[in-house]
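*Asks:* Quick one: sequence plus predicted model below, questions after.
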Amino acid sequence: MRDPVVSIIVINRNTKEFLKEFLESLESENFSGELEVWVVDNNSSDGSPALVLESFPQVHLIWNTRNEGYARACNKGIKVSRGEFIIFSNSDVSLEKGAIKEILDCFRRNPDAGIVGPLVLNPDGTVQLSCREFPSIKEAFMHAFLGFIHPSNPFTQKYRKAKWEHDREVVVDWVSGAFLAARRSALESIGGFDEKYYMYVEDVDLCWRMREAGWKVYFTPKARVTHFIGKSSEHANVRMLFHHHKSMFRFHRKTYKGPAKFLVDLLVGIGVALRFALIMLVNFFRKFRGAEKIMPGKQ
C-alpha cells in the first residue's frame with residue numbers, strides 16, 4: 001500500500017460537535033492527493049470516540065484512557081501515521097476549501113520549510129493573530145504584565161504582530177499549534193514534540209527547535225482555517241492557567257543561554273508566579289462583581 005502524502009492528526013477532548021464539523025470539512029476539502037486522518041482522543045466523556053467509530057469509519061482513532069495532554073497526543077499520532085507531511089489540528093477548527101493544497105504548495109516552494117502555518121480566522125472572519133515573534137526577556141516581561149490589562153501596549157502589539165497585515169507568505173518565528181503542518185523529516189530530526197509540556201507553549205518550543213536545527217517556519221495566507229478558540233479547555237480555566245504558566249517557565253529555562261542564568265531563571269520564575277497569582281486575583285474579583293450584580297437588591 002502506498003503511503004499517504006498527508007497525515008492529519010486531530011487532538012480532541014470533549015468537543016464532539018466541533019470534531020464532527022472538522023471531519024466533515026475534511027470531506028469537502030478538494031485535496032486530490034493521498035490523505036489519512038487520525039483522531040487522538042484524550043479520554044473524552046461526551047461520546048466523541050463513538051462518533052468517530054460510527055460516523056467516520058475511514059478515520060483512524062487513538063482512544064486514550066486519560067488526558068495525556070497535547071504534546072504526547074501529537075507524538076502518538078506521529079508514530080502511527082505515514083504521511084510525508086503531517087498536519088496537527090485542534091478539533092475546534094474548520095478548513096476552507098483548498099487549505100491542504102496551499103499548505104503543501106508552500107512546502108514545495110520552500111524546501112527549507114520545516115513548519116507551515118495558515119491564516120487563522122475568528123468565527124466572525126477577523127484575523128486571529130496566530131504567528132508571533134520570540135520576545136526578548138524585557139519584551140516578554142512587559143507583555144506578560146501589560147498584555148491582559150492593556151492589550152494595545154507596544155510590547156504586546158510587537159510580540160503578537162498585531163500591526164502586520166498578514167497578507168503575504170513569509171518566514172516567522174512561530175505559528176499556533178491550533179493548526180500547523182510539519183515536514184516529517186524535519187520532525188524526526190528534532191524528535192517531535194517535547195512531552196514535558198502538558199498543555200500550551202509546545203508549539204512555540206517546536207518552532208524554536210526547528211529553527212535551531214536549521215529549518216524555517218513559514219506563514220502562508222493562501223491557506224485559511226477558522227478557529228473557535230479554547231473550546232477544549234474552557235471548562236478547566238484554573239488548571240489550564242496553571243499549565244500555561246508552568247510551560248512558559250519551562251520554555252524560558254530551555255532557551256535562555258545568556259549570562260547569570262541561575263539569577264535570571266530565579267527572577268523569571270518569580271515573575272511567572274506573580275503573573276499567575278495576579279490573573280487569579282483579577283478573575284476572582286470579576287466573578288465576585290458579577291455575582292454581586294445578580295444578588296437580591298442589587299439589580
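*Replies:* Yes, it's here.

*Asks:* where in the stretch 1-150 of the chain is pLDDT low?
*Replies:* Low-confidence segments of the stretch 1-150 of the chain, defined by pLDDT under 70: 1, 30, 32.

*Asks:* can you give me the helices for it?
*Replies:* Secondary structure of the stretch 1-150 of the chain by DSSP state H, counting those that start in this stretch: the helices cover 16-27, 48-55, 70-80, 99-109, 137-146.

*Asks:* now what about the last one, what contacts it?
*Replies:* Helix 137-146 is touched from outside by 135, 153, 155-156, 158-159, 248, 252, 256, 264, 268, 271-272, 275, 278, with contacts defined as C-beta atoms under 8 Å, 6 or more residues apart in numbering. Every residue, glycine included, has its C-beta placed from N, CA and C.

*Asks:* 7 Å instead, please
*Replies:* Outside helix 137-146, the residues that touch it by C-beta atoms under 7 Å, 6 or more residues apart in numbering are 135, 153, 155-156, 158-159, 271, 275.

*Asks:* which one of those has the most neighbours?
*Replies:* Neighbour counts for these, by other C-beta atoms under 10 Å, peak at residue 159, which reaches 22 neighbours.

*Asks:* now for the lengthiest helix in the chain, which elements pack on it?
*Replies:* Selection of the longest helix in the chain by residue count, based on DSSP state H, yields helix 261-293. Packing partners of helix 261-293 (3 or more C-beta pairs under 7 Å, 6 or more residues apart in numbering; DSSP states H and E): helix 137-146, helix 237-255.

*Asks:* still on that earlier bit, need the contacts of helix 137-146 in TSV with distance to residue 283, can you?
*Replies:* Shown next, in TSV, are these (distance: C-beta to C-beta, whole Å):
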residue	distance to residue 283
135	24
153	20
155	22
156	19
158	26
159	22
271	19
275	12
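
*Asks:* What residues sit buried inside the longest helix of the chain?
*Replies:* Neighbour counts over helix 261-293 (16 or more other C-beta atoms under 10 Å) mark 268, 271-272, 275-276, 279 as buried.

*Asks:* That one versus helix 237-255: what angle between them?
*Replies:* Interaxial angle, helix 261-293 versus helix 237-255 (axes from the mean of the first three to the mean of the last three C-alpha atoms, to 10 degrees): 160 degrees.
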